[in-house]
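No letters, just coordinates:
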């Protein structure tokens, strides 16, 4: 079986980051195909690389799977031994719920604080709606850490899909200088220390592309 993950710029593409982290953190071999936004390569390659015209997409041999959460679920089914969801049923239900919440929610935070790993934008985007999203995020992290995560540094102890879903938010909070209370701050630090996250963010900082659509403040 051959896995090929099509992604976009590591500095900007939060949706690309999520399945990439799952694959890399779980030590699952895959081929990476990076197609930068707003380039000739994007215009030429994306129509054949993804059925939706968007990234990410995971090719499992000749079969495409698109949408970050669908990709992650497919990987979890293909590699059950990697235990990408929590083993405990109650924890697993919570992990799925908050992953879906991240997938579909926090629209104002996404709009006002787009992922931009290489930038330093402290104080930007702090609308009342964003502050409410931040408070909700902190509450989720704190509850999961205190209820399910006491045996490790992640939301459910060990690394799971849920941590990959929230990792781009961790980078946003660093970019926009968001101060966090102790439990959430410790969790964010632990996410940044993951080998997969370090690899992704190091690569993001090496990129030189400037994508105007993702740069409301520079």
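Thanks, I have the structure now. No experiment lies behind these values; they were computed from the predicted model shown.

Now do the helices in the chain.
Using DSSP state H, the helices found in the chain span residues 14-25, 40-49, 68-78, 89-104, 107-112, 128-148, 161-175, 182-193, 195-206.

and the second one, average pLDDT?
Looking back up the chat, that one is helix 40-49. With pLDDT averaged residue by residue, helix 40-49 scores 70.

Other residues contacting it?
If you take Cβ atoms under 8 Å, 6 or more residues apart in numbering as the criterion, helix 40-49 is touched by 6, 8, 33, 35, 36, 53, 55, 57. Heads up, the C-betas are built off the backbone N, CA and C, glycines and all.

Would you map out the domains in this structure?
According to automatic domain parsing, the chain comprises the domains 3-82, 89-202.

End to end on the last one, go ahead and measure it.
Meaning domain 89-202. 35 Å (Cα to Cα, to the nearest Å).

what distance separates that domain from the centre of its chain?
Remark: domain 89-202 is offset 9 Å from the chain centroid, using Cα atoms, centre = their mean, to the nearest Å.

just stretch 72-79 next, same as before
16 Å.

Can you tell me what sits against stretch 131-140?
Taking Cβ under 8 Å, 6+ apart as the rule, stretch 131-140 contacts 98, 101, 106, 108, 109, 166, 169, 173, 178, 180, 181, 184.

Show me the contact partners of stretch 27-36.
2-10, 20, 22-23, 41-42, 45-46, 49, 55, 58, 75, 79, 82, 209.
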